[in-house]
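Student: Predicted model, plus sequence, below.
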Amino acid sequence: MKRLKVVSDTQFKQRPGLSNELSRQEKVFVANGTEFDLTNSDVVRDGHLKVTLAKPLGPENQTSWYVYNPDVRVYDTSIKLTVTSDTLFKQRPVLSNQLNEREKVFVPNGTEYYLQSYLPAEGQHVKVAIANAFLGPENRTVWYVYKPDIRIIGDTITLTVTSDTLFKTSPQISSQLSNTDKVFVKNTTELELVSHELAPGNHIKIELAEPSFSNRPELIWYAYKPDLQIEGNEKENQPKNETPAPKPTGPYVKLPGFSGNFYLAQPIIPGGSFTWGEATHGGSRIPVNRDVVYGIIRIARVMEEARNRLGGRPITINSWYRDPVTNRRVGGASRSSHLNGDAVDFVVPGIHPYDVYDRLNRWWGSKGGLASATVFTHIDARGYYARWSYGF
C-alpha cells in the first residue's frame, strides 16, 4: 500500500498549475501532517504529482488530484519498524554517551515507523531511512538504532540515481536510440524496484514497481550501472543460515569444462586460504557449467583480499556455490549470485557480521553486492552497487 504524507501546507488541485491560476472550486487546502492512502501516483509536468486517493476528497468527492511534489512524501508501507525497548535514534552508530544532545533522540517502546530502507551498520546498529516522520531538532529522516531494540518486518528495493542519467528501453548507447526510447532522470531521483540484474554494455536491467515517468507506461528499463545505487532486499530472498560444509566424502571432484581432478583440500587460488571443498560444500554441489567454475575463481580472489582487510582472521564459509535445487531449498533469490558461483556467505569469528559489512562496504563500492544478517555476511561480484539487510 502506498501512502502520501503532506509535509508542508499545500493545495490539492484539479489540474497541474499555479494555485493562483485556479478557481476556488478547482483546489482544496490540505494541512501539513495530513496523510492519505493511495491507489496510484504518477509524475507529471511542472513539478507535480498526479495522485489517486483511496477515499474521495473535496466537495465533489474526487479521488484524482494534482499536488506540488516538494509539498508531499509518497512512501510504501512494505517495511515497518517497531521499537521493542526504549531506545535512542542516533546520528552516528556509536555509544550514546559519545554523542551530543542534538545527535540523538529518545524513542519510546511501542513506537512504529514506516521505512524507505534499512541497512546494517557497525556496532550492531541498523541505518534506517524513515518514510513517514522527521525526528530531532533538524528534522532528519536517516538515523542509526541499536538492532536489539527494534523489530523490522518487510522488504522493498530502492534505486537511487547518483548522477544525471538516461533510462533506456534497450541497453544501447544513447546516441543510437530515438528520443522515444529514452527518458532523462535527474540525480537524487529515488524509485521503487521489483527486480534488478546485470545487462550488456555496462547496464543494469531494472523493473519498476509502478510507472514513474509522465505518459510512459513501461516498467522495464536499462540504465548505465555507474549512475545507480540499489538498496534493499528482494521479498523472496530469505536464505536459511547454512552450516559450514561437512567433511568431504572423497578427495577430489571433476568440474565441467576442465580436465583432471580438483582436490577438495586444494586452495582455489594458489597459496590462498579458500578451498574447492568450501566452494562446493564438501564436494556435494558440483557446478553446472564452466562459467560457474570461473565465477568461483573470481569471488575467491575477492575473498582473499577481504580476509586481508579483516586482519587476516580465519573465515568460516557457510555457503558458496548453490545449484538451482539447493538454492530453492535454502530460500535463496531466484536470480541469486550463488547460482553463478561468485557469491559467498561467511562468518568471521570475533567480529559481528554488521561490523564485517561496515569494514568492507566502502572498499567493495560498486563492484558488487554486500549484505548482512545478524549471523553471516554476504558478498558477491555482480558488478554493480547493491546493498541490503536480511532482517534477521
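Tutor: Done, it's in.
Student: Tell me which other helices or strands the helix or strand where residue 357 lies touches.
Tutor: Element membership for residue 357 (DSSP states H and E) is helix 353-364. The contact analysis (3 or more CB pairs under 8 Å, 6 or more residues apart in numbering; DSSP states H and E) places helix 353-364 against strand 112-121, helix 290-309, strand 369-372, strand 377-380. All C-beta atoms are positioned from the backbone trio N, CA, C, and that covers glycine.
Student: So for the first one, what gets flagged as buried?
Tutor: Neighbour counts using 16 or more other CB atoms under 10 Å place 113, 114, 115, 116, 117, 118, 119, 120, 121 of strand 112-121 among the buried residues.
Student: Now it - C-alpha only, CSV.
Tutor: The C-alpha coordinates for strand 112-121 follow below in CSV (Å, rounded to 0.1, in the frame of the first residue of the first chain):
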residue,chain,number,x,y,z
GLU,A,112,6.2,2.4,14.9
TYR,A,113,7.6,3.9,11.7
TYR,A,114,7.4,3.0,8.1
LEU,A,115,10.8,2.8,6.4
GLN,A,116,12.0,3.6,3.0
SER,A,117,15.1,1.4,3.5
TYR,A,118,17.4,-0.1,6.1
LEU,A,119,21.0,-1.4,6.1
PRO,A,120,23.4,-3.0,8.6
ALA,A,121,25.8,-0.7,10.4
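Student: which residues sit in contact with residue 364?
Tutor: By CB atoms under 8 Å, 6 or more residues apart in numbering, the contact list for residue 364 reads 370, 379.
Student: And the pLDDT for it?
Tutor: As predicted, residue 364 sits at a pLDDT of 96.
Student: roughly how far apart are it and residue 70?
Tutor: Going from residue 364 to residue 70 by CB to CB, to the nearest Å gives 34 Å.
Student: ok, now residue 135?
Tutor: 20 Å.
Student: got it, and residue 155?
Tutor: Residue 155 sits at a distance of 28 Å from residue 70 (criterion: CB to CB).
Student: Between the two, tell me which one has more neighbours.
Tutor: residue 155 (21 against 10; other CB atoms under 10 Å).
Student: residue ranges for the strands of the stretch 201-350 of the chain, please.
Tutor: Ranges of strands in the stretch 201-350 of the chain, per DSSP state E, counting those that start in this stretch, are 203-208, 220-224, 228-231, 252-253, 262-263, 316-319, 343-347.
Student: ok so, going back, also compute the angle for the helix holding residue 357 relative to helix 290-309, please.
Tutor: Angle of helix 353-364 versus helix 290-309, following axes from the mean of the first three to the mean of the last three CA atoms, to 10 degrees, is 110 degrees.
Student: tell me which residues of helix 353-364 are tucked away?
Tutor: Across helix 353-364, burial judged by 16+ other CB under 10 Å covers 353, 354, 355, 356, 357, 358, 359, 360, 361, 364.
Student: Ok, stretch 301-313 next?
Tutor: Across stretch 301-313, burial judged by 16+ other CB under 10 Å covers 302, 303, 304, 306, 307, 310.
Student: Just give me how far it sits from the chain centre.
Tutor: Computed by CA atoms, centre = their mean, to the nearest Å, the chain-centroid distance of stretch 301-313 equals 24 Å.
Student: what comes into contact with it?
Tutor: Contact with stretch 301-313 is made by 269, 272-274, 315, 344, 346, 348-351, 356, 359-360, 363, 368, 379, 381, as judged by CB under 8 Å, 6+ apart.
Student: who's in contact with residue 35?
Tutor: Contacts of residue 35 (CB under 8 Å, 6+ apart): 3, 4, 5, 6, 132.
Student: how far away is it from residue 179?
Tutor: Distance from residue 35 to residue 179, by CB to CB: 38 Å.
Student: go on, residue 128?
Tutor: Residue 128 sits 39 Å away from residue 179, going by CB to CB.
Student: So for these two, which residue has more residues nearby?
Tutor: Remark: of residue 128 and residue 179, residue 128 carries more neighbours, 24 against 7, as counted by other CB under 10 Å.
Student: Now the more buried one. Nearest residue, chain neighbours left out?
Tutor: Distances taken as CB to CB, 6 or more residues apart in numbering place residue 118 nearest to residue 128, at 4.7 Å, with adjacent residues excluded.
Student: contacting residues for that neighbour?
Tutor: Residue 118 neighbours (CB under 8 Å, 6+ apart): 79, 81, 126, 127, 128, 129, 152, 389, 391.
Student: partner residues bridging the third one?
Tutor: When assigned by DSSP bridges, residue 126 has beta-bridge partners residue 120, residue 145.
Student: Residue 150 is in contact with that one, correct?
Tutor: Yes: the criterion here is CB atoms under 8 Å, and residue 126 meets it with residue 150 at 6.9 Å.
Student: on that earlier part again, so of the contacts of residue 35, which ones are in strands?
Tutor: Mapping the contacts of residue 35 onto strands (DSSP state E) picks out 3, 4, 5, 6.
Student: want to throw these into JSON lines with neighbour count?
Tutor: Converted to JSON lines, the ones in strands among the contacts of residue 35 look like this (neighbours: other CB atoms under 10 Å):
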{"residue": "3", "neighbour count": "17"}
{"residue": "4", "neighbour count": "23"}
{"residue": "5", "neighbour count": "18"}
{"residue": "6", "neighbour count": "18"}
